[in-house]
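J.: Next come a sequence and a model predicted from it.
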Amino acid sequence: MFDTEEDRAFYGLIWAGNALTCLVDKALTATHAMPLSWFEALFWLDQQTGPVSPTQLGEAAMLSRSRLSRVLDELTARGLVDRQPSPTDARAVTVALTDAGRALYAAADATRRAAVAPYFTDKLDAQDTADLIRVWRKIRNP
């Protein structure tokens, strides 16, 4: 099935990522009526100390410009994200979580953790987790 150990590692990584993504997407949709793209945007905004540009958010969340625009429109319409004029560029805006967005993110993150636990965190010991982080750091910025 696999020609090399590198192939086995590569396809295993792809499979694991896809499987966990599907689990999280289903759990978020069922529990919070939230697509994964919303969660990704909320996650990255929650990590910030203040407002960020949509470009910064799109790059961090790996969302295309058109997808990010739709996600921000949806999140803003639901009062989860606030768009404000940029303090440094009159032509630009910044985005930040509202209190409602922060609360929904916290609830959704608890759902994510519960969904992946039986397939991920419950199966990995501290060394496995450290190994995954080490490998991820090596390949995240090619």
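T.: Sure thing, it's come through.

J.: Identify all contacting residues around the lowest-mean-pLDDT helix or strand in the chain.
T.: Within the chain, no helix or strand scores below helix 54-61, which has a mean of 85 by mean pLDDT, DSSP states H and E. Here helix 54-61 makes contact (C-beta atoms under 8 Å, 6 or more residues apart in numbering) with 37, 40-41, 43-45, 63-65, 68-69, 72, 93, 95. To be clear about C-beta, it is placed using only N, CA and C from the backbone, and glycine gets the same treatment.

J.: let's see 10 Å
T.: 37, 39-45, 47-48, 51-53, 63-69, 71-72, 81, 83, 92-96 (C-beta atoms under 10 Å, 6 or more residues apart in numbering).

J.: Need the CA coordinates for that helix. CSV is fine.
T.: What follows is helix 54-61, C-alpha atoms only, in CSV (Å, rounded to 0.1, in the frame of the first residue of the first chain):
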residue,chain,number,x,y,z
PRO,A,54,-8.6,40.6,8.3
THR,A,55,-5.5,39.8,6.3
GLN,A,56,-3.7,38.7,9.5
LEU,A,57,-6.7,36.6,10.5
GLY,A,58,-7.0,35.0,7.1
GLU,A,59,-3.3,34.0,7.0
ALA,A,60,-3.4,32.6,10.6
ALA,A,61,-6.6,30.7,10.0
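
J.: ranges for the strands of the protein?
T.: Counting by DSSP state E, one finds strands in the chain at the ranges 81-85, 93-97.

J.: Okay, now the unreliable bits of this structure?
T.: 1-2, 142 (pLDDT under 70).

J.: middle-most residue in it, spatially?
T.: residue 40 (2.8 Å; C-alpha atoms, centre = their mean).

J.: Excluding sequence neighbours, find me the nearest residue to that residue.
T.: Leaving out its chain neighbours, the residue that sits closest to residue 40 by C-beta to C-beta, 6 or more residues apart in numbering is residue 61, at 4.4 Å.

J.: No more questions from me, cheers.
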